[in-house]
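S.K.: pasting the sequence and the predicted coordinates here, then a few questions.
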Amino acid sequence: MSDVRHVLVLPDRDAAEEVAEELEDLLGLTEEPQLVREALAGEDDAEDAQWLVVLEDPHGTYDPGKLDALAATHDGWLERD
């Protein structure tokens with residue numbers, strides 16, 4: 001398997017932090033996933049920024065469907081290539 005990176009898009013920092021904590025518990029991660037703030041394309045207002053939870057999956061074993069479902073419970077989604 002090759003290295004895989006999953007990006008979960010969340011509406012705000014609180015949701016992103018909750019999802020990161022849940023991922024640690026669900027997947028038994030040794031490191032917290034990376035949180036990144038990203039402005040929406042064409043938006044200058046800081047209120048329009050989304051929060052990303054970046055999850056490294058070096059063995060490609062995490063189920064994208066489950067990750068998407070987790071993000072959806074926090075009004076987010078899993079970014080697809």
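M.R.: Here it is on my side, so go on. Just so it is clear, the structure is predicted and the values come from calculations on it, not from any experiment.

S.K.: going forward, measure contacts between C-alpha atoms and count neighbours the same way
M.R.: OK.

S.K.: where does pLDDT dip in this protein?
M.R.: 1-2, 40-48, 81 (pLDDT under 70).

S.K.: tell me where it has strands.
M.R.: Counting by DSSP state E, the chain has strands at residues 4-10, 34-39, 49-57, 77-78.

S.K.: who wins for proximity to residue 22 among those strands?
M.R.: strand 49-57 (11.4 Å; C-alpha to C-alpha).

S.K.: so which elements touch the closest one?
M.R.: strand 4-10, helix 13-27, strand 34-39 (3 or more C-alpha pairs under 8 Å, 6 or more residues apart in numbering; DSSP states H and E).

S.K.: and the ones you listed, which is most packed in?
M.R.: Among those, ranked by average contacts under mean count of other C-alpha atoms under 10 Å, first place goes to strand 4-10 (a mean of 21).

S.K.: show me what contacts the closest residue in space to residue 8 that isn't next to it in sequence?
M.R.: Spatially, and ignoring its direct neighbours in sequence, residue 8 is nearest to residue 78 (4.4 Å; C-alpha to C-alpha, 6 or more residues apart in numbering). Contact analysis of residue 78 by C-alpha atoms under 8 Å, 6 or more residues apart in numbering lists 6, 7, 8, 9, 64, 67, 68, 71.

S.K.: coming back round to it: need the strands of the chain in TSV with distance to residue 20, can you?
M.R.: Formatted as TSV, the entries for those read as follows, by distance: least, C-alpha to C-alpha, whole Å:
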stretch	distance to residue 20
strand 4-10	10
strand 34-39	8
strand 49-57	7
strand 77-78	13
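
S.K.: nearest to residue 23, of those?
M.R.: Smallest distance to residue 23 across the strands of the chain (C-alpha to C-alpha): 8.8 Å, for strand 49-57.

S.K.: enumerate the positions of the closest one that are buried.
M.R.: The neighbour-count criterion (16 or more other C-alpha atoms under 10 Å) identifies 49, 50, 51, 52, 53, 54, 55, 56 as the buried residues of strand 49-57.

S.K.: quick check: the two most widely separated of the residues you listed?
M.R.: 49 and 56 (22.1 Å).

S.K.: tell me how far residue 8 lies from residue 54.
M.R.: As defined by C-alpha to C-alpha, to the nearest Å, residue 8 lies at a distance of 7 Å from residue 54.
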